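*Asks:* Next comes the sequence, and after it the predicted model I'd like to discuss.
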Amino acid sequence: MSETTNAPQDGGRTLTYRITSQWANFENEAINASLITDIILALDSDDFIVLDPSEPVEGSSYLQAATAEGEGNGFVVELRLVNDDGTFKHYGYSTVDSNEVIRMFLQYWGEQKLPDWSNWTDMTDQFE
């Protein structure tokens, strides 16, 4: 997918995105599937990727990933769900499958779809 803006499936306003990483930031026009894939495949112990939509995606204010602590431990993917009253819930998921992480990010960016977070760990207490 090469679009740089994405129309929400609910017919709302067009979303824009920003990617933040340890080494660079990318605005909407520079973001594409290849960039997302390349950043995730290049993640190392000092790097991360945060994908910020201009408006919440299904209630999520961002999706982020980093390498898990310890060599060979894969990735930790996190998302934050924001409530109307300003409170939030923060969830995390661990995987060793880089392709799974790439799919999550491409669906979040390209389809405005959250990953299935029903079995993710609630990490909210770490942020309170």
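*Replies:* Perfect, thanks for sending it. Residues are numbered from 1 along each chain as shown.
*Asks:* any low-confidence regions in the protein?
*Replies:* Regions of the chain meeting the criterion pLDDT under 70 cover residues 1-13, 70-72.
*Asks:* hey, which helix is longest across it?
*Replies:* Ranked by residue count under DSSP state H, the longest helix found in the chain is helix 98-110.
*Asks:* quick one, what contacts the most centrally placed residue in the chain?
*Replies:* In the chain, the centroid-proximal residue (CA atoms, centre = their mean) is residue 63; its distance is 2.3 Å. The contact partners of residue 63, by CB atoms under 8 Å, 6 or more residues apart in numbering, come to 50-51, 57, 77-79, 104-105, 108, 114-115. Backbone N, C-alpha and C define where each C-beta goes, glycine included.
*Asks:* next one: residue 51
*Replies:* Neighbours of residue 51 in contact, by CB under 8 Å, 6+ apart: 17-19, 36, 62-64, 105, 108-109.
*Asks:* hmm, 10 Å instead?
*Replies:* Contact analysis of residue 51 by CB atoms under 10 Å, 6 or more residues apart in numbering lists 17-20, 26, 31, 36, 39, 57, 60, 62-65, 79, 104-106, 108-109.
*Asks:* and after the helix or strand where residue 79 lies, which helix or strand comes next?
*Replies:* Using DSSP states H and E, residue 79 sits within strand 75-82. As assigned by DSSP H and E, the chain's next helix or strand after strand 75-82 is strand 88-95.
*Asks:* Would you list the strands that that following strand pairs with, along with their directions?
*Replies:* With DSSP bridges as the test, strand 88-95 is paired with strand 75-82 (antiparallel), strand 121-122 (antiparallel).
*Asks:* Would you quantify the distance from the nearest residue to residue 59 once chain neighbours are set aside to residue 108?
*Replies:* If the residues on either side of it in the chain are set aside, residue 59 comes closest to residue 81, at 4.8 Å by CB to CB, 6 or more residues apart in numbering. According to CB to CB, to the nearest Å, residue 81 and residue 108 sit 13 Å apart.
*Asks:* Perfect, I'm done here.
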